[in-house]
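K.L.:
Here you go, sequence then predicted model.
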Amino acid sequence: MPTTSPFLLVLLFSMGSQARGNERDHNCQMKHYIFGSIGGAIDQSTRLGKEQKTAMEMAVHDFYISTCSELELHLTASYGTSGRATSAAAVINLVSSRQVLAVIGTLTPSEVQLISDVHNDKITSSIHFISLHPTPKHPPLSASPRSQSLFYMGDDLSPQINCIAATVSHFRWQRVTAINEQNDDPSTDCCVLTHLSDSLRVIGSVIEHHSSFPRTFVEEELKKLKRRNNRVFIIIQSSLEFAILLFDKAKKLGMMEKDYAWIVSNDIASFLDSVDSPVISSMQGVIGIKADYTENKQSFREFKLKFRHKYSSEYPREEELSNPSYFALQAYDATWAVAKAIEKSQANINSKELFLENMLSASFEGLSANISIKKGSSAKTFKIINVVGRSYREIATWSLNSGFSVEQLGPIYWPGDTQCVPKGWNYTVLLGNKEKVLKVGVPARGAFNQFVRVSYDEKNTTYVTGFSVDVFEAVVKKLPYHLPYILVPFYGSYDDLVEQVYNKSLDVAVGDTEIMADRYQYVEFSQPYIESGLVMVVTTEPENSELWIFMKAFKTEMWVLMAVMSVFIGVVIWLIEHMENPEFRGSFCYQLGTMLWFSVTVLFFVQREPLKSNLSRIVLAPWLFVILIVTASFTASLTSMMTVSRLKPSVLGIETLRGTNAAVGCNGNSFIVRYLVQVLNFNPEKIKKINSIDEYPEAFKNGDIAAAFFVEPHAKVFLAKYCKGYIMTGPSFKLGGFGFVFPKGSPLVIDISEAILKATESGEIQRLGNDMFSSNCSSSNDIANDPTLGPGPFMGLFLITGGISAIAVLITVARLLDRRLQIVSCIKSTSLNIRSWRLAF
């Protein structure tokens, strides 16, 4: 069976539709009448205006075919008008000369206001304006007559702006550049920009730069944008002609290459079905936000067929590019809605209230959306498209209620024919013939030059070295791109260095800069590359010169437990032995003395009292083993304390310093001075500012300070260099750590932080720090390990001994009770025998 060609099917369908139309047209000619006139305020020099003109004429004709009611359409003779005043004058002329009932077009509220102010209110008060101009948010209808004259049937830009923000968020771009075509209504541009800025701020992004310019300055403005760091461009509120020129110039300037990202709004994306190959070629890799509408409906297919036929006949040079855009569908629906409202208002054609009621009640299934003036009919679902090859392809759908239809957008072909997501910015920017480099400030007057050291040679060449600089270099090497920078010594305090970054005199600050909450008000910090906390360092003094040092071999609990157990064992042995062993008998004082003496002598294995009972031996055996272990441990602990030099801090804590009003020292260029006063409540007059690591020992020796406060990395460096005579003591106040400083919103923060984590996980930062924190001298000033022994290690032995002794006590008591019972029984038996004998005699 032969296959019918698609072209033949289209031809047959067209002929059938035309035949049905001719038949309805013939029927309408018999009852033909004109019931009103409407105007169209459009720019017929643009693609948008041409499509709107074609669609409005088709709507008038289709309404006539459907209802046999003819509506006259009068269009403004506007071809590339130069401003609002010219456009308003054309509309006023249209209203005056043609007596139209309504005007449809891309009118802004300010243009309607201008028309009402310039023209006689008696005439314009009865005219209804239907705006197809997209606005950030449709204002609500109010009771004022002027507001009732303007109906919005253009798109509410809020969903589209939210879609753009969601796209920016998906690719994690923190900064964007907004571009729009300059027009004579800056208020609209301002509203759109504000809305976009608010939406981006919610997702943690900002508009770094906004550029608004006419077509004549496209190339000049693009050159300026190319010299900026940002590489993500969003085009909003632009004509197709402006976009075509912009992308052509951008391609020639090398701005459609790798690392660039372009997002176009529905103003441009909806026309991509109607542009030629050179335009598509210059837009390769562009992401578009295109309004979604149903294209598989029968009504749309018929409209598209008739539109292409009519458009190509009126504009034969654009015959191959005659597909209708979303805005043509909107113009068609708006014209149809106005025609129906005018038809229903025939009883009182000049009644504004009746027309308003009919417009607000309009509800029908249009080509662009379900039309409802009262509820709004703007697009809330968008297709995310990617320009690639000869056309574009859809990569996802976004809706206001559910967001993206897929979790991962892609694969996407970006400018430069790459699938790697652009990072969105680039610090390698050409200024003339010179490469822009990052100005990295480093503290040149830090007290600890192990972190940053600035030195000069005979030729006055600057050399910057140190741990912090080495870490920064290692981190930069792990970035996935080249980052040129230059180290700039800064001769001020750390707070002044942070302020220089805030003022953007410096791009970054690298050094032993502490991450502080109050500094976050002005700058941002990277991930800390080393942990930190505020600690106290004091001098040490020997601990082994005390009179009762032997008592410190055991803790108090251990001494008490030994005494109690010794007495307890002595009592148990006495309880068992005193009934059978004459050594444990005698007067009460003698027995008490014997029991206590036995408790003492058994500790040294010199007891002389022999034991008669096996139960006593069972009790004494584990106790002798406990004594052996405890004695050996006591000897080892005391020997360690007396032979190894133990040191203790000269100051016990911060409370002691505050209580005695002692002087303390710290780095005068750092935040520590402020922290000691505001947080730890030290007297500012008792804080001595010290500017070098080598000045601290002298200050301690002269008695100028009783303690020094350091951040923990500085304290480790100090103790590594001066390892004898000083000790770190007291609590550590947790801080944010050392980090690199960036201006607010810097896109480098995330990449540098990620690179720091990579360098940390690989052990590279730890290897860099090992040399700085290592010490060649040994010191025994560690006070963390207390050699004093407590009962814990011996608790098992004590429990065994105590348990056996307790059992022995129970056995002994049971024996005593049994013996007492036997004695009582014997006495009773003897007494009974005596009584019986007496009775016998």
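P.N.:
All right, it came through fine. Numbers count the residues shown, from 1 in each chain.
K.L.:
Could you list the low-pLDDT ranges of the stretch 701-841 of the chain?
P.N.:
Filtered on pLDDT under 70, the stretch 701-841 of the chain yields the residue ranges 774-798, 801, 805, 808, 815-816, 818-820, 823-824, 833, 835-841.
K.L.:
Name the residue closest to the centre of the protein, please.
P.N.:
residue 204 (7.2 Å; Cα atoms, centre = their mean).
K.L.:
OK, contacts around the residue lying closest to that one once chain neighbours are set aside?
P.N.:
Leaving aside its sequence neighbours, residue 204 sits nearest to residue 174 (Cβ to Cβ, 6 or more residues apart in numbering; 6.7 Å). C-beta coordinates here come from the backbone N, C-alpha and C atoms, glycine included. Neighbour list for residue 174: 204, 205, 206, 424, 745, 747, 750 [criterion: Cβ atoms under 8 Å, 6 or more residues apart in numbering].
K.L.:
Tell me which helix or strand in this structure has the weakest average pLDDT.
P.N.:
Every helix and strand of the chain was ranked by mean pLDDT, DSSP states H and E. The lowest is helix 145-148, at a mean of 46.
K.L.:
Help me confirm that residue 666 comes into contact with residue 689.
P.N.:
Yes: taking contacts as Cβ atoms under 8 Å, residue 666 lies within contact range of residue 689: 7.0 Å.
K.L.:
Going along the chain, name the strands of the stretch 151-300 of the chain.
P.N.:
Along the stretch 151-300 of the chain, the segments classed as strands by DSSP state E, counting those that start in this stretch run 175-181, 206-213, 232-235, 261-264, 287-291.
K.L.:
Output those strands as a markdown table; include the columns mean pLDDT, mean neighbour count and distance to residue 133.
P.N.:
Output for the strands of the stretch 151-300 of the chain, formatted as a markdown table (pLDDT from 0 to 100; neighbours: other Cβ atoms under 10 Å; distance: least, Cβ to Cβ, whole Å):
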| stretch | mean pLDDT | mean neighbour count | distance to residue 133 |
| --- | --- | --- | --- |
| strand 175-181 | 93 | 23 | 13 |
| strand 206-213 | 91 | 16 | 17 |
| strand 232-235 | 95 | 24 | 17 |
| strand 261-264 | 96 | 26 | 18 |
| strand 287-291 | 94 | 25 | 15 |
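K.L.:
Low-confidence bits of the stretch 1-150 of the chain, can you list those?
P.N.:
1-34, 77-88, 116-126, 137-148.
K.L.:
Which residue ranges of it form strands?
P.N.:
Counting by DSSP E, counting those that start in this stretch, the segments of the stretch 1-150 of the chain that form strands are 33-41, 69-75, 102-105, 128-131, 150-152.
K.L.:
Pick the most deeply packed of those strands.
P.N.:
strand 102-105 (a mean of 26; mean count of other Cβ atoms under 10 Å).
K.L.:
Give me the sheet partners of it and which way each runs.
P.N.:
Counting by DSSP bridges, the strands paired with strand 102-105 are strand 33-41 (parallel), strand 128-131 (parallel).
K.L.:
can you pull the contacts of residue 206?
P.N.:
Going by Cβ under 8 Å, 6+ apart, the list of residues near residue 206 reads 174, 175, 176, 197, 200, 745.
K.L.:
ok, now residue 253?
P.N.:
By Cβ under 8 Å, 6+ apart, residue 253 lies in contact with 219, 222, 223, 226.
K.L.:
residues near residue 220, how many?
P.N.:
Using other Cβ atoms under 10 Å, residue 220 has 10 neighbouring residues.
K.L.:
would you turn the strands of the stretch 151-300 of the chain into a markdown table with distance to residue 476?
P.N.:
Formatted as a markdown table, the strands of the stretch 151-300 of the chain follow (distance: least, Cβ to Cβ, whole Å):
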| stretch | distance to residue 476 |
| --- | --- |
| strand 175-181 | 20 |
| strand 206-213 | 23 |
| strand 232-235 | 23 |
| strand 261-264 | 24 |
| strand 287-291 | 30 |
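K.L.:
how about the helices in the stretch 351-500 of the chain?
P.N.:
For the stretch 351-500 of the chain, helices defined by DSSP state H, counting those that start in this stretch occupy the ranges 352-360, 467-477, 494-502.
K.L.:
of all those, which lies closest to residue 63?
P.N.:
Taking Cβ to Cβ, helix 352-360 is the member of the helices of the stretch 351-500 of the chain nearest to residue 63, at 14.5 Å.
K.L.:
Quote the end-to-end distance of stretch 167-177.
P.N.:
In stretch 167-177, first residue to last residue: 14 Å (Cα to Cα, to the nearest Å).
K.L.:
Run the chain-centre distance for that stretch.
P.N.:
A distance of 13 Å separates the C-alpha centroid of stretch 167-177 from that of its chain, computed with Cα atoms, centre = their mean, to the nearest Å.
K.L.:
Also stretch 131-138?
P.N.:
Per Cα atoms, centre = their mean, the centroid offset for stretch 131-138 relative to its chain is 33 Å.
K.L.:
buried stuff in it?
P.N.:
For stretch 131-138, burial by neighbour count (16 or more other Cβ atoms under 10 Å) applies to 131, 132, 133, 134, 135, 136, 138.
K.L.:
Could you find the closest non-adjacent residue to the second one?
P.N.:
Residue nearest to residue 132 in three dimensions, not counting chain neighbours: residue 154, with 4.5 Å by Cβ to Cβ, 6+ apart.
K.L.:
Next, work out how far apart the one you found and residue 73 are.
P.N.:
Per Cβ to Cβ, to the nearest Å, residue 154 is found 19 Å from residue 73.
K.L.:
Equivalent analysis for residue 576, please.
P.N.:
Using Cβ to Cβ, we find residue 576 at a distance of 126 Å from residue 73.
K.L.:
How about residue 744?
P.N.:
From residue 744 over to residue 73 the distance is 55 Å, taken as Cβ to Cβ.
K.L.:
now residue 461
P.N.:
Residue 461 sits 79 Å away from residue 73, going by Cβ to Cβ.
K.L.:
Quick check: which of the helices of the stretch 351-500 of the chain is nearest to residue 418?
P.N.:
Closest to residue 418 of these is helix 467-477 (Cβ to Cβ; 22.9 Å).
K.L.:
How far off centre is that closest one?
P.N.:
Using Cα atoms, centre = their mean, the offset of helix 467-477 from its chain centre is 24 Å.
K.L.:
what packs against it?
P.N.:
strand 438-443, helix 748-761, helix 764-773 (3 or more Cβ pairs under 8 Å, 6 or more residues apart in numbering; DSSP states H and E).
K.L.:
coming back round to it: ok, the contacts of residue 253 vs residue 482, which is closest?
P.N.:
residue 226 (17.8 Å).
K.L.:
what about the closest one, neighbour count?
P.N.:
Look at residue 226: counted by other Cβ under 10 Å, it has 15 neighbours.
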